[in-house]
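Enquirer: what follows is a predicted structure for the sequence shown.
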Amino acid sequence: MNKLHERLLTAIRNHPGLTERKLAELLYGSNKGYQQLVNWPLRQLRNKGLVKREGKGGFSDPYRYIQS
């Protein structure tokens, strides 16, 4: 697990239910393209069973992440 994974897990633990966009804003201070930087690491954490994803992934129901 790398530093970004650890930062994401800490953010999700402290703020459960955040969207990819909000996680990117929390880690990088802005959403200008940074959402893409958290997509793949979140998928990796999900595949390892460390986080769960809720929602349908659309504009009206974006993915939200919680700790497993």
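Expert: Now that the structure is in, tell me what you want to look at. Numbers count the residues shown, from 1 in each chain.
Enquirer: and the contacts of stretch 36-45?
Expert: Contact with stretch 36-45 is made by 2, 4-5, 8-9, 20, 23-24, 27-28, 51, 53, 65, as judged by Cβ atoms under 8 Å, 6 or more residues apart in numbering. Every residue, glycine included, has its C-beta placed from N, CA and C.
Enquirer: this protein: helices as residue ranges?
Expert: Taking DSSP state H as the criterion, the chain contains helices spanning 3-14, 20-28, 35-47.
Enquirer: relative to helix 3-14, how tilted is the shortest one?
Expert: Which is helix 20-28. 110 degrees (axes from the mean of the first three to the mean of the last three Cα atoms, to 10 degrees).
Enquirer: distance from helix 20-28 to the middle of the chain?
Expert: How far helix 20-28 lies from its chain's middle: 7 Å, per Cα atoms, centre = their mean, to the nearest Å.
Enquirer: ok, Ser30 - contacts?
Expert: Ser30 touches Ala24, counting by Cβ under 8 Å, 6+ apart.
Enquirer: ok, the residue nearest the centre of the chain - contacts?
Expert: By Cα atoms, centre = their mean, the chain has its centre lying nearest to Glu20, at 4.5 Å. Contact analysis of Glu20 by Cβ under 8 Å, 6+ apart lists 35, 38-39, 42, 62-63, 65.
Enquirer: can you list the buried residues in stretch 6-26?
Expert: Neighbour counts over stretch 6-26 (16 or more other Cβ atoms under 10 Å) mark 8-9, 11-12, 18-20, 22-26 as buried.
Enquirer: nope, stretch 44-58 is what I was after
Expert: By 16+ other Cβ under 10 Å, the buried positions in stretch 44-58 come out as 44-45, 50-51.
Enquirer: now flag whichever of the residues you listed is closest to Gly58.
Expert: Ranked by distance to Gly58 (Cβ to Cβ), the buried residues of stretch 44-58 are led by Val51 at 19.5 Å.
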